[in-house]
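# Here's a sequence, model it:
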Amino acid sequence: FRAARVIVGFVLSGFGRTLSSKLPKAPQNARWEGLLLVVRHDLLEGGGKARHALDLGGDDELRGPAVGHGLQRLEGLQREHGVVGAGLAHHADAVGRGLLHVLDGLGLAFGFRAGLFNIGGKGQVIFGALAAVWVGFNLHLPPVLHTVVALLAAVVAGALYAGIAGLLKARTGANEVIVTIMLNSIAALTLGYVLAQKSWQVPGSNQPQTPDVADTAAFLPILPSPFKLHAGIIVAFLAVVVFWWILDRSTLGFQVRAVGANPAAARTAGISVEKITTITMMISGAFMGLVGANEALGTVGYVSRDIAGSLGFDAITVALLGRNKPLGTMFAGLLFGAFKAGGYTMQPKGVPIDMILILQSVIVLLIAAPALVRWLFRLPKESEKSLRAELATLGIDDEAPALVTPTTSKVAETAVDATAADAEGESR
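This next block holds a predicted model:
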């Protein structure tokens, strides 16, 4: 909760600085009345263009009551992108991108907890998006039910596609990394084939792109255009709760953690390692399928060739940074969403977007540094025992220190000399 307060405070303070830097030198009441008018227009009317309305102190003849000034300048809201709209849009974009990373990070983290490296997130995102978009533009259902059915279709598609790797791992011992990489290529080729079919294209168009999902299936927007924030945020937070409950409060979660800690011991305890391996991969793929549904039903609204992007591989970094924990993965996903949104914002200013990749790489390096150094220099593993427990293991009582006196020292030296002499006589 402390970390959540820090992040929320950072976001609000950044938004506050954006506003305060543009507020004019007008009376305090006038500034705030004008600001409230602009925010109301931004959120309710969807303008998002607020530069002129905030310029309360530009010309002397325009000084006066803030409301009157705002009404005179509202025509400019539709012509020029302003500070308030831009600030809200950037924050909403960061949260929207972060939701995708929260979901894909949960998918990879679930596999990591069982000792499985699900690197096939890209293929599972593709199949999840295809399933969600097919339900979205083919079926005709009531609004809420339509969205739920599309989400379930994406979950099932991602789970079944990831289950292929889990089944091969359980039955034949095939390496899940190699299998999932091959499945990524199969999914990419399948996507190209599907988008070439007339039944999956926009009527009258040859573009490799599906039709837009119906309004009844699309996620409801939380903020109006141009803000890219929709009801997918609810799905992401529910996924965090489900992840926590499965791993920390269910029998299945205990078995998953047992297999990840020691498969041999888990098998000895009666746990079916093969069954848990398959189920774990399917649950991991289900989370990745939600990522595809989030793109198809909310962020984009359709499926094209680049629907997956680098989401499957970014999830590895998010899961590592979050230490495979639900809250840690959530905050890591939001952080990486801010990285992506900030990178695209800084690029027009002359800052290369590769700086974001460098920053992410440094984070991964610092996370892996302790284990890497321990492996390079053959250092012992870090112990979680306390000093008292370590001393007890060695048979040393830390509460009864030995009393060393000259007499006891001489007796000990005599005993050592006698033992050495006996050993030398026996060797001769």
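# Next up, phi/psi of the nearest residue to Pro263 once chain neighbours are set aside, please.
Nearest residue to Pro263, sequence neighbours excluded (Cβ to Cβ, 6 or more residues apart in numbering): Val273, at 5.1 Å. Heads up, the C-betas are built off the backbone N, CA and C, glycines and all. Backbone torsions of Val273, given as degrees, to the nearest 10, read phi -60, psi -40.
# mind checking pLDDT for Val273?
With respect to pLDDT, Val273 has a value of 94.
# try the one 4 residues further on
At Thr277 the predicted local distance difference test score is 95.
# name the element it belongs to?
According to DSSP states H and E, Thr277 maps onto helix 273-294.
# ok, how many other residues are close to the residue nearest to Phe117 when sequence neighbours are not counted?
For Phe117, ignoring the flanking residues on the chain, the nearest one in space by Cβ to Cβ, 6+ apart is Val177 at 5.2 Å. By other Cβ atoms under 10 Å, the residues close to Val177 number 15.
# Pull out the buried positions in the helix or strand harbouring Val177.
Val177 is located in helix 176-195, with elements delineated by DSSP H and E. Neighbour counts over helix 176-195 (16 or more other Cβ atoms under 10 Å) mark Glu176, Val179, Thr180, Leu183, Asn184, Ala187, Leu191, Val194, Leu195 as buried.
# if we can go back for a sec, correct me if wrong: the residue nearest to Phe117 contacts Gly111.
No. Counting by Cβ atoms under 8 Å, Val177 sits too far from Gly111 to count as a contact (10.9 Å).
# what do these two both touch?
With contacts defined as Cβ atoms under 8 Å, 6 or more residues apart in numbering, the residues shared by Val177 and Gly111 are Phe117.
# Which other helices and strands does the helix holding Thr277 contact?
Contact partners of helix 273-294 among helices and strands, from 3 or more Cβ pairs under 8 Å, 6 or more residues apart in numbering; DSSP states H and E: helix 83-113, helix 121-138, helix 143-172, helix 232-249, helix 251-261, helix 263-268, helix 311-321.
# in it, what counts as buried?
Buried residues in helix 273-294, defined by neighbour count with 16+ other Cβ under 10 Å: 273-274, 276-294.
# Ok, stretch 114-133 next?
114-116, 118-133.
# what does stretch 93-101 contact?
Around stretch 93-101, the neighbours that count as contacts under Cβ under 8 Å, 6+ apart are 227-230, 232-233, 235-236, 291, 294-295, 299, 311, 314-315, 318, 332-338, 340-342.
# Convert that stretch to PDB, retaining C-alpha atoms only.
Output of stretch 93-101 as PDB, limited to C-alpha atoms (Å, rounded to 0.1, in the frame of the first residue of the first chain):
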ATOM      1  CA  ASP A  93      -2.000   6.300 -22.300                       C
ATOM      2  CA  ALA A  94       0.500   5.200 -19.700                       C
ATOM      3  CA  VAL A  95      -2.100   3.400 -17.600                       C
ATOM      4  CA  GLY A  96      -3.600   1.800 -20.800                       C
ATOM      5  CA  ARG A  97      -0.300   0.400 -21.900                       C
ATOM      6  CA  GLY A  98       0.500  -0.600 -18.400                       C
ATOM      7  CA  LEU A  99      -2.600  -2.800 -18.200                       C
ATOM      8  CA  LEU A 100      -1.300  -4.900 -21.100                       C
ATOM      9  CA  HIS A 101       2.000  -5.400 -19.300                       C
END
